[in-house]
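Novice: the sequence and its predicted three-dimensional model are supplied below.
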Amino acid sequence: MTTPTPGRVWAHVGQPFTPGSDPQPAYDVLILGAGRMGSALALALTERDPHLKTLLIEEGGLPNEDGATILAPGIWTLAHLPAAQHAAARWTLERLRTLLGDDLQARPYLTLHAEPAPGTQPTRDLLATHPQSLALLDPGVLPHATAHEAHLYRPGTLAQTAAQSAIRRGTDLLLNTRATPHPGGRVTLERLTVTNTHQIVTHATHTLHARLIVLATGAHAPTQAEHHLGIHTRHARAYRQTPHLGAPSTEDAPVLHAHGLTLRPQHGAYTLIPAVHHRDPHGYTPQGGHLTGVPTGLRRETLEDLVGLMDALPALATSDLHLGRSLADIPGAWLALPHGHPDAPPTHQRLDDHTHLLLGGPHADTLGLWTADALAREIAGGRGE
Ligand code: ADP
């Protein structure tokens with residue numbers, strides 16, 4: 001086996017972008033967006049068809065501060081998946097182990113219920129060795145719990161690791177570059193730079209052609225398909241905020257899940273991952289809601305959910321819950337919703353002769369790597385398996 005020649009990286013506009021001077025296209029595949037989905041696809045392509053020449057293009061850095069990846073929960077679990085998706089989830093877990101090693105951490109995951117169900121145990125028993133976790137909730141309101149297997153990781157680290165491995169295996173990476181797809185396998189690129197007055201401006205533009213383009217631009221992908229390719233899809237997006245709960249958590253504290261809300265132990269406290277109920281309507285601008293007349297940074301739907309859970313989780317009714325004063329105070333990101341549904345698994349779709357779409361969404365932690373690999377297999381046409 002020959003060692004692949006590592007790919008090239010263009011990080012900033014000081015490095016002239018010279019993808020090759022041949023008259024024929026320099027790349028077989030252009031991947032737009034280096035979140036975890038685009039990065040995972042780049043790596044999978046190097047494995048499924050090492051002869052393909054791929055360029056990964058990202059508007060920001062790796063990972064981008066504004067993308068969904070960096071704020072994703074990073075919780076692998078079967079707790080919310082139908083049995084038909086378990087094999088894909090298990091495959092993803094093996095892949096996470098390979099890519100992340102010790103950065104993937106086994107953790108108990110408890111779903112909490114008001115009523116008993118097959119497999120539930122008393123909440124008090126399951127949390128007997130975790131008094132700090134028990135203190136967050138009212139075991140009288142949530143007396144029953146189910147224990148699930150779960151593994152925690154940082155999705156930003158996953159995107160970085162996958163992209164770096166892809167580069168070692170020959171993928172090129174172009175950062176700080178906004179890509180726009182066009183029909184016929186054409187992509188225009190704007191290399192972005194920041195002026196000394198902090199304005200983002202276009203330093204140079206380029207046009208590339210390739211046999212295949214993959215839109216892995218997260219929540220932007222459906223809009224790009226519609227605006228630039230004229231292809232309407234049923235995919236949608238939602239703005240998800242992940243507020244901070246300042247209650248103490250230990251290194252082995254379980255993840256807790258009640259009525260759609262996930263409490264993820266992180267940095268000695270908790271990150272709250274609220275349910276996504278539905279797609280946000282076209283043109284929705286995220287804005288903070290009011291709690292008893294006081295402005296907060298939390299959107300109204302999330303605020304209502306948290307208020308509704310205060311009896312079951314009294315910790316939410318304390319000053320440990322960071323409500324913020326305006327939107328900027330609460331971490332949040334646009335999340336793609338495959339098929340417009342919060343429960344739909346990650347998906348890929350052929351849009352036209354030259355273009356595929358790759359979407360992660362709410363279940364990307366558990367199934368994203370599988371879907372990226374499925375698209376890589378399709379592009380490789382069964383080769384390399
Ligand atoms: P996913 O979970 O699908 O990877 P993310 O939102 O984390 O979702 O990733 C999408 C990435 O695509 C982000 O890093 C974002 O900066 C990038 N992106 C979005 N639009 C463009 C664009 N027009 N050109 C290049 N990159 C883009």
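Specialist: Received, thanks. Numbers count the residues shown, from 1 in each chain.

Novice: residue 303: which element?
Specialist: Assigned by DSSP states H and E, residue 303 belongs to helix 300-308.

Novice: name the next helix or strand downstream of that helix, please.
Specialist: strand 332-337.

Novice: pick out the residue of the protein closest to the ligand.
Specialist: Per C-beta to the nearest ligand atom, residue 35 is where the chain lies closest to the ligand, at 2.1 Å. To be clear about C-beta, it is placed using only N, CA and C from the backbone, and glycine gets the same treatment.

Novice: check contacts around that residue.
Specialist: Neighbouring residues of residue 35 by C-beta atoms under 8 Å, 6 or more residues apart in numbering: 63-64, 67-69, 159, 216-218, 360.

Novice: so what's it closest to, chain neighbours aside?
Specialist: residue 69 (4.1 Å; C-beta to C-beta, 6 or more residues apart in numbering).

Novice: go on, residue 302?
Specialist: Here the residue nearest residue 302, using C-beta to C-beta, 6+ apart, is residue 274, at 4.6 Å.

Novice: out of the contacts of residue 35, list just those in helices.
Specialist: Cross-referencing these against helices under DSSP state H gives residue 159.

Novice: helix or strand: which one has residue 356?
Specialist: Element membership of residue 356 [criterion: DSSP H and E] is strand 355-359.

Novice: from residue 10, how far out is the nearest residue to residue 305 once chain neighbours are set aside?
Specialist: Of all residues not flanking residue 305 in the chain, residue 274 sits nearest, at 5.6 Å (C-beta to C-beta, 6+ apart). When distance is defined by C-beta to C-beta, to the nearest Å, residue 274 is 38 Å away from residue 10.

Novice: cool, residue 68 as well?
Specialist: Counting by C-beta to C-beta - residue 68 and residue 10 are separated by 24 Å.

Novice: which one's more surrounded, those two?
Specialist: residue 68 (25 against 20; other C-beta atoms under 10 Å).

Novice: I'd say that one and residue 220 touch.
Specialist: No: in this structure residue 68 lies outside contact range of residue 220 using C-beta atoms under 8 Å: 10.2 Å.

Novice: who touches both of these two?
Specialist: residue 334.

Novice: how far is the one helix or strand in the chain whose mean pLDDT sits lowest from where the chain is centred?
Specialist: Within the chain, confidence by mean pLDDT, DSSP states H and E is lowest for strand 290-291 among all helices and strands, at a mean of 90. Remark: strand 290-291 is offset 29 Å from the chain centroid, using C-alpha atoms, centre = their mean, to the nearest Å.

Novice: not counting its neighbours along the chain, what's nearest residue 99?
Specialist: residue 161 (5.2 Å).

Novice: mind telling me what element that neighbour is part of?
Specialist: Residue-wise, residue 161 maps onto helix 155-168 under DSSP H and E.
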